[in-house]
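1. I would like to see how this sequence folds:
(one chain, ligands or ions: 2)
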Amino acid sequence: MEIFIAPSILAGDFARMGEDVKRMQDNGADMIHYDVMDGVFVPNITFGPQMLKAIRPYTTLPLDVHLMITEPIRYIKQFAQSGADYITVHYEACKDLKATLDAIKSEGVKVGLSISPDTPASVVKPYVNDCDMILVMSVYPGFGGQKFIEGSIDKIKEISAYVKESGKNVRIEVDGGINASTAVLVKKAGADTLVAGSAVFNAENPQDMINTLKNA
Ligand code: DX5
Ligand code: ZN
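-> Numbers count the residues shown, from 1 in each chain. Ligands and ions are numbered 1, 2, ... in the order given. Predicted structure coming up:
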């Protein structure tokens, strides 16, 4: 699978989101990662479907919506209609996970399933065939700029084995603490989709950083 780099606009300038999205596309990003937080599932609040709709015209890249919200099934339709290409929900946040994944699929949006650092990789196994992407959180969801949790490597390897076994084309995404050195480790473990917030946005040259994450 081709390696995708998805800059997280959580690390962007909240007063200039449209421009930042466009700038990331111009710098070689493959997707735009959009972190939605509700102050309940995680101790932080970010942005919702209205802003997604507002940035949609600024890029032709896929919009990768990461819902860190409780019972995300309530908002699938709104995010789909606001321009999401991928919608990822958390295993820990859904009462009826199968129904939630089905709701994403029925909107014609790519289906993502995420697990937080304390959730074992094995929980995703029964859902691999329902997914287009599985997201391993390598920090506790809520904030950018945290340190990569090493234990994520084994979880990526385990999920990579499930995906191979399924024979399905499922992306393996990793999110949190990705930089030039952790990028090498996660790709070796089987990740093909790398989210990067602070590494890309704080880089002197975002284009060089995106290239490094992709090719290192
Ligand atoms: C954290 C978010 C991440 C965050 C990553 O809850 O899901 O997408 O933006 O930021 P960095 O790359 O700085 O760890
Ligand atoms: Zn994220």
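
2. got phi/psi on the residue in the chain that ligand 2 sits nearest to?
-> Closest to ligand 2 within the chain is H66: 3.8 Å, counting by C-beta to the ion. Where you see a C-beta, it was placed from the backbone N, CA and C, and this is true even at glycine. With angles defined as degrees, to the nearest 10, H66 shows backbone torsions of phi -110, psi 110.

3. could you count how many residues lie near it?
-> 27 (other C-beta atoms under 10 Å).

4. do you know the pLDDT at it?
-> You'll see H66 listed with a pLDDT of 99.

5. for it, give the beta-bridge partners.
-> For H66, the beta-bridge partners under DSSP bridges are D35, T88.

6. and it, what does it touch?
-> H33, Y34, D35, V36, T88, G112, S114, L135, D175, V195 (C-beta atoms under 8 Å, 6 or more residues apart in numbering).

7. if I look at it, how far off is P72?
-> 10 Å (C-beta to C-beta, to the nearest Å).

8. how is D208 assigned, secondary-structure-wise?
-> helix (DSSP: H, G, I helix; E, B strand; the rest coil).

9. and I5, by the same measure?
-> I5 ends up strand, using three-state DSSP.

10. now swap in V136 and tell me
-> Per three-state DSSP, V136 ends up strand.

11. test my guess that it contacts D154.
-> No - the pair V136 and D154 fails to qualify as a contact (C-beta atoms under 8 Å) at a distance of 10.0 Å.

12. so what sits against both of those two?
-> Joint contacts of V136 and D154 (C-beta under 8 Å, 6+ apart) are A121.

13. more neighbours, these two?
-> V136 (29 against 12).

14. okay, and the beta partners of that one?
-> I115, V174.

15. next up, the contacts around it.
-> With C-beta under 8 Å, 6+ apart, V136 has these contacts: S114, I115, A121, S152, K155, I156, I159, I172, E173, V174, D175, A191.

16. change it to 7 Å
-> I115, S152, K155, I156, I159, V174 (C-beta atoms under 7 Å, 6 or more residues apart in numbering).

17. done for today, thanks.
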